[in-house]
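Q: Model the structure of this input:
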Amino acid sequence: MKFGLFLILALLIGSVAGHFMLENNGYVLINFRGYTVEMSVPVLIFVSFVAYIAVRALVRLWQTPRELGEMAARARSRRSGERIAKALVALSEGKLARGERLLTKGAASSETPLLSYLAAARTAQAQGDRQRRDGWLKMARDSDSGAENAVLLTQAELQIAAGEFDAARKSLARIRESQPAHPLALKLLGELYHAEQDWHALTDLLPQLRRAKNISSRQLDDWTIEAIEAQLKAPNLDIDSINAYWNQLPRALRKHGRLRRARIAALIKSGNDDVAATEICRALKADWDDDLIAVYGALRLPNKHAQLRQTEKWLNQQPENPVVLLAAGRVSVRNELWGKARSYIESSIAIAPTPAAYHELGQLMIKLDDPAAATTAFAKGLTLSNTGALDLPRLENFRA
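A: Now for the predicted structure:
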């Protein structure tokens with residue numbers, strides 16, 4: 001830069017000096033539309049230089065307002081960035097009010113007002129002020145007309161977190177009017193149905209959620225299990241409804257222990273004990289489950305002799321399992337095999353005493369007309385129970 005200025009200055013001085021020092025300093029004649037200009041070469045150089053300087057000055061003056069505007073914009077952007085950085089620090093330190101104030105101060109003139117207002121809305125809700133939250137959301141919407149969906153998604157997310165389920169449903173519906181398969185809207189809708197425990201709606205939505213692929217498979221499986229399990233607990237289900245729910249499940253989830261137990265419980269509640277027994281046997285071939293053994297032992301199947309044979313078959317596989325022993329004792333009672341029943345129940349107690357086993361032994365002692373032994377058994381069962389005798393399971397009340 002300095003060299004360029006020095007060179008220009010040298011040319012200027014040289015042209016002036018040449019005009020006076022040279023004997024023959026050249027001659028220039030310019031004729032343009034009747035106008036004639038005569039001068040020497042050094043003067044031409046001098047005039048050209050002055051004209052160049054004048055043009056550069058005019059260009060510079062023309063550019064000055066724009067450059068000043070750009071400089072001011074850069075300054076505002078820098079200050080906005082500094083405020084946002086300070087706001088994030090304040091929020092990380094738990095200073096929510098200060099963080100909100102910094103986020104919104106000068107947000108309208110920043111390069112990203114939308115992000116500042118959305119962050120301020122989250123901060124306002126974290127402070128429990130939903131009215132101020134809605135105000136920031138409105139300002140976010142006004143700051144960028146093309147970001148309607150972004151604002152609605154944030155709004156729905158905050159409404160779900162605040163328990164405003166009806167309002168969240170309306171926010172998501174507005175998005176889905178134009179984009180029915182919007183992935184994030186579907187995800188939030190799934191969270192909404194789960195929070196509301198609207199299991200039917202969640203079940204219907206699950207296929208779309210799996211196609212959207214923005215929720216982990218584990219989360220979707222957990223939702224599926226909860227939804228189907230809850231629906232299988234509904235009263236007055238018939239076997240067709242139970243099978244309809246079951247057939248909605250992905251094949252891999254049909255082996256899930258919670259869902260198997262829920263299906264079996266629903267079958268028993270609907271009076272389909274034989275089908276439930278078949279399902280228990282099929283499930284136990286794949287995976288051993290003590291809970292299902294206990295359920296099988298409490299079933300009142302028409303063929304009680306076959307039920308005892310099946311129970312004793314499992315007992316041969318696990319002779320020291322107290323759950324199988326208790327189940328065999330219960331089925332032996334139904335077959336009126338009193339001695340065998342007593343042996344099985346007492347063996348179960350010897351391995352792992354439980355209130356339920358003592359209760360069964362007490363009932364058996366009553367049948368055997370031994371009230372003293374029955375009283376002793378009931379008393380021992382009560383010492384193991386933290387809930388009292390009314391909560392002890394009873395054979396005849398399994399469906400209750």
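Q: Show me the helices in the stretch 251-400 of the chain, by range?
A: Shown for the stretch 251-400 of the chain, the helices assigned by DSSP state H, counting those that start in this stretch span residues 257-269, 273-286, 290-298, 304-317, 322-334, 338-351, 355-367, 371-384.
Q: Which elements pack onto the fourth one?
A: What that stands for is helix 304-317. helix 273-286, helix 290-298, helix 322-334 (3 or more C-beta pairs under 8 Å, 6 or more residues apart in numbering; DSSP states H and E). In short, each C-beta sits where N, CA and C put it, glycine included.
Q: any chance of those helices in CSV, with mean pLDDT, distance to Leu308 and mean neighbour count too?
A: Output for these, formatted as CSV (pLDDT from 0 to 100; distance: least, C-beta to C-beta, whole Å; neighbours: other C-beta atoms under 10 Å):
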stretch, mean pLDDT, distance to Leu308, mean neighbour count
helix 273-286, 93, 12, 16
helix 290-298, 93, 10, 20
helix 322-334, 95, 5, 25
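Q: With distance to Ser92 added, can I get those helices in CSV?
A: What follows is the helices and strands packed on helix 304-317, written out as CSV (distance: least, C-beta to C-beta, whole Å):
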stretch, distance to Ser92
helix 273-286, 50
helix 290-298, 47
helix 322-334, 52
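Q: out of those, nearest to Ile242?
A: helix 273-286 (8.9 Å; C-beta to C-beta).
Q: any idea of the angle the closest one forms with helix 304-317?
A: Helix 273-286 runs at 10 degrees relative to helix 304-317, counting by axes from the mean of the first three to the mean of the last three C-alpha atoms, to 10 degrees.
Q: Walking through the protein, point out its strands one by one.
A: With DSSP state E as the criterion, the chain has strands at 28-32, 35-39.
Q: rank those by pLDDT, which is bottom?
A: Ranked by mean pLDDT, the strands of the chain bottom out at strand 28-32, with a mean of 66.
Q: Look up the closest residue to Ala327, ignoring the ones flanking it.
A: Excluding the flanking residues, the one nearest Ala327 by C-beta to C-beta, 6 or more residues apart in numbering is Gly297, at 2.6 Å.
Q: For Gln159, give me its contacts.
A: Residues near Gln159 by C-beta atoms under 8 Å, 6 or more residues apart in numbering: 165, 167-168, 171.
Q: what's the spacing between Gln317 and Thr311?
A: Distance, Gln317 to Thr311, by C-beta to C-beta, to the nearest Å: 11 Å.
Q: Hmm, I typed the wrong one, I wanted Gly190.
A: As defined by C-beta to C-beta, Gly190 lies at a distance of 43 Å from Thr311.
Q: What residues does Met365 make contact with?
A: Under the criterion of C-beta under 8 Å, 6+ apart, the neighbours of Met365 are 371, 373-374, 377.
Q: And the pLDDT at it?
A: You'll see Met365 listed with a pLDDT of 93.
Q: quick one, which of Gln317 and Thr311 is more surrounded?
A: Using other C-beta atoms under 10 Å as the criterion, Gln317 and Thr311 rank with Thr311 on top: 21 against 10.
Q: Hmm, the more buried one is touching Arg334, no?
A: No. Using C-beta atoms under 8 Å, Thr311 and Arg334 do not qualify as a contacting pair, with a distance of 10.4 Å.
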